[in-house]
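**Q** Next come a sequence and a model predicted from it.
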Amino acid sequence: MARARAQPRKPAKAKLRNGEIADALDEIADLLDLQSANPFRIRAYRNGARTVRGLGVEISELISQGRDLSELPGIGKDLAVKLVTLAETGKVTLLDELRRAVPPIATELLHLTGLGPKRVRALYEDLDIHSLEQLRRALLDGRVGELPGFGPKLVASLKESIAAGSAPSRRFPRAAVRGTVEHLVAHLEAAPGVERVIVAGSYRRRQETVGDIDILATAEMTKPIMDRFVGYGEVAKVLAEGPTRSTVVLRSGIQVDIRIVPDESYGSALNYFTGSKAHSIALRQLAQKRALKLNEYGVFKGKRRTAGKTEQSVYEALGLTYIDPELRENRGEIEAARAGTLPKLVERRDLRGDLHAHAATADEIAAMAKAARERGLDYLGIAERAEGLDPRRLAQQIAAMDRWNAKGAAPRLLRGVEVDIREDGSLGLADEVLAGLDFVIGSIQTKLALSRQRQTERILRGMRHPRFAILAHPSGRLVEGRPPYDVEMDRVMRAARERGVFVELNAHPDRLELTEVQCRMAKEAGVLVSIASDATRAEELDDLSYGIDRARRGWLEKPDVLNSRPLAALEKQLAATRR
DNA sequence: GCCGTTTTCGGCCCGACTGTTTTCAGTCG
């Protein structure tokens, strides 16, 4: 985890962003841990950090709206004050004091596997270790091995960790591990005596990246499955192996956990292993309040199991309706389940078309159209990038689309263009060209580093253009790559609502623009979302499913999605954007 | 430090596995 102290020092007036505030709270928790403070106080800081990190709307934004931060889950009076101080000054007295009391190396050592607060304290108090180099020497000359609690295996593991350097914990794009997951599940399903094999964890919650793969199996006899698991050909290293739980690392570097339970515990085990951690903790707290106990084996009243065979039964026992895995982040889904107000999430089959595909020549257009038809789409918007698009080529494309439409076959092709919103907010194509099209997609493609204020004004001006219909690439980010550009998304959403235009959820697995929180912002603002493939090749139309994953994690329902509309309704929607 | 459909005080999610121990600390989800 990135430490706040590793960040460059900010000027005092700089407003801290949520990630930095959460890092500061986590660092306080680490330092309190090293001082053997009250464990529940430590947990309170960690809970606070998790709340802030998952918030989506900036703390500084809430402060300027005059909101009471102690209304946030896990934030009380004390933490609310510290959040304000951190957000506005970048500092907080408690953290400064703790940093003075504990050597700087301590928090770094805490993140080495096998080292917790007790052992780290022994290292700097008993051996006076204040750097990784000093630790390396103490490991080699045997001093560490003489400390109580440091055995030969731990010494060897620490030597390995230090030699390997501080490899940052890697996350893998979900799309990249799909093949591995399917192969491994098939491998395990062939084990004798296995009843069910299912992938849980963040993969099942359809997060865009996964840190590891979690597999649940049910069986009476666990050994045949466990043997088959650790004997899998791709396994590079077995980290832990027990009768019901094991962990391995595959050659690709990804970690895989397996858990085996009896079939009558399938639902509760799947629920526990799917997480998220925050969701699971909230459920277990809810169980406590009802004088029940929830664990991976079931829901218990005293010693008697009252539920657990299915996930449905677990939620029912807690007085909740079933919660889709994509929503399980403790971001209000439990309250909504209790109130019976959970969204009915959009599904792939709800999509009637796609409003952002690329095809230049007549042949490419026909191929893309046929691919769209095979995937059940009734309409397809072709929108080439405006740069390098001369009027003659655009006219040829339009002619090719008109010929396709004249045949009357599905899908209906809609004539669009993807145009840059210039730095001054004007659009990168002449008005008379734009006027001849069915729809105009506008996006930021240059000058991504403008200030928050200027970037926001630029987009707002762009959207006011009389032909503007859809804001595409609403963040400019690339998964595991380029960070998003800085923009006041809530202002953009409000302006989109007032202007009556739409926002795109770019489904390309490397992009996935429009975050989960931004999906919810769009929904709350009443802005329809266009889930778009941005396909340049026919098979990339399948990427729409990644857009659906994101939309579901963003609580979107069918009515929230522009391209869930049938063709006639969609054409009305587009017509209404024209001024 | 947070929190309240028994509670404003007295609780705080739960269990498996490893390593180093003979009762516990650390890690994971």
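**A** Good, I have the coordinates.
**Q** Who are the packing partners of the helix or strand harbouring A:Ile258?
**A** Assigned by DSSP states H and E, A:Ile258 falls within strand A:255-261. Applying 3 or more Cβ pairs under 8 Å, 6 or more residues apart in numbering; DSSP states H and E, we find strand A:255-261 packed against strand A:212-218, helix A:223-230, strand A:245-250, helix A:266-274. Every residue, glycine included, has its C-beta placed from N, CA and C.
**Q** Regarding A:Asp402, what is its secondary structure?
**A** helix (DSSP: H, G, I helix; E, B strand; the rest coil).
**Q** pLDDT value on it, please?
**A** We have a pLDDT of 95 for A:Asp402.
**Q** Quick one: residues contacting A:Leu544.
**A** A:Arg348, A:Leu351, A:Asp354, A:Arg375, A:Ala507, A:Ile531, A:Ala532, A:Ser533 (Cβ atoms under 8 Å, 6 or more residues apart in numbering).
**Q** Skip the chain neighbours and tell me the closest residue to the first one.
**A** What it means is A:Arg348. Spatial nearest neighbour of A:Arg348, excluding adjacent residues (Cβ to Cβ, 6 or more residues apart in numbering): A:Ile548 at 4.9 Å.
**Q** I'd like the distance between that neighbour and DNA strand B.
**A** 23 Å (Cβ to the nearest atom of the strand, to the nearest Å).
**Q** Now for that residue: which residues touch it?
**A** Contacts of A:Ile548 (Cβ under 8 Å, 6+ apart): A:Val346, A:Glu347, A:Arg348, A:Leu351, A:Ala507, A:Ile531.
**Q** I'd like the contacts of A:Leu544 as TSV, with neighbour count and pLDDT appended.
**A** Listed next are the contacts of A:Leu544 as TSV, based on neighbours: other Cβ atoms under 10 Å; pLDDT from 0 to 100:
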residue	neighbour count	pLDDT
A:Arg348	16	97
A:Leu351	24	98
A:Asp354	28	98
A:Arg375	18	97
A:Ala507	29	95
A:Ile531	31	98
A:Ala532	27	97
A:Ser533	26	97
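**Q** Which residues are in contact with the residue of chain A most remote from its centre?
**A** Distance to the chain centre peaks in chain A at A:Asp141, reaching 44.5 Å (criterion: Cα atoms, centre = their mean). Residues in contact with A:Asp141 (Cβ under 8 Å, 6+ apart): none are found.
**Q** Now do the domain split for chain A, please.
**A** A:18-101, A:105-161, A:172-260, A:274-339, A:348-576 (automatic domain parsing).
**Q** hang on, the earlier thing: show me what the strand holding A:Ile258 is in contact with.
**A** Contacts for strand A:255-261 (Cβ under 8 Å, 6+ apart): A:184, A:188, A:201, A:211-219, A:222, A:225-226, A:229, A:239, A:243-250, A:269, A:273, A:296-297.
**Q** Also stretch A:285-294?
**A** A:268, A:272, A:283-284, A:299-301, A:306, A:314, A:317-320, A:334.
**Q** Please apply the same query to stretch A:417-424.
**A** Residues from elsewhere that reach stretch A:417-424 (Cβ under 8 Å, 6+ apart): A:356, A:383-387, A:389, A:394, A:427-429, A:433-434, A:437, A:440-447, A:450, A:458-459, A:461-462, A:472.
**Q** Can you flag the buried ones in those?
**A** Neighbour counting with 16 or more other Cβ atoms under 10 Å marks A:356, A:383-384, A:386, A:389, A:394, A:427-429, A:433-434, A:437, A:440-445, A:450, A:458-459, A:461-462, A:472 as buried within the contacts of stretch A:417-424.
**Q** what comes up buried for the helix or strand containing A:Cys519?
**A** Using DSSP H and E, A:Cys519 maps to helix A:516-525. Residues of helix A:516-525 classed as buried under the neighbour-count rule (16+ other Cβ under 10 Å) are A:Glu516, A:Val517, A:Gln518, A:Cys519, A:Arg520, A:Met521, A:Ala522, A:Lys523, A:Ala525.
**Q** from the middle of its chain, how far away would that helix be?
**A** 14 Å (Cα atoms, centre = their mean, to the nearest Å).
**Q** Can you show me the CA trace of it as CSV?
**A** What follows is helix A:516-525, C-alpha atoms only, in CSV (Å, rounded to 0.1, in the frame of the first residue of the first chain):
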residue,chain,number,x,y,z
GLU,A,516,-19.0,2.9,-10.9
VAL,A,517,-19.5,6.0,-8.8
GLN,A,518,-19.9,8.1,-12.0
CYS,A,519,-22.6,5.7,-13.2
ARG,A,520,-24.5,6.3,-10.0
MET,A,521,-23.9,10.1,-10.5
ALA,A,522,-25.4,9.9,-13.9
LYS,A,523,-28.4,7.9,-12.7
GLU,A,524,-29.0,10.3,-9.8
ALA,A,525,-28.7,13.3,-12.1
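**Q** following that helix, which helix or strand shows up next?
**A** Toward the C-terminus, helix A:516-525 is succeeded by strand A:529-532 as the next helix or strand (DSSP H and E).
**Q** I'd like the next helix or strand past that next one.
**A** Trace forward from strand A:529-532 with DSSP H and E and the next one is helix A:544-553.
**Q** ok and that following helix relative to helix A:516-525, angle-wise?
**A** 70 degrees (axes from the mean of the first three to the mean of the last three Cα atoms, to 10 degrees).
**Q** Return the item of the buried residues of helix A:516-525 having minimum pLDDT.
**A** A:Val517 (83).
**Q** got a list of what it touches?
**A** A:Leu55, A:Gly56, A:Val57, A:Gly554.
**Q** Excluding sequence neighbours, find me the nearest residue to the last one.
**A** In this structure, A:Gly554 finds its nearest non-sequential neighbour in A:Cys519, 2.3 Å apart by Cβ to Cβ, 6+ apart.
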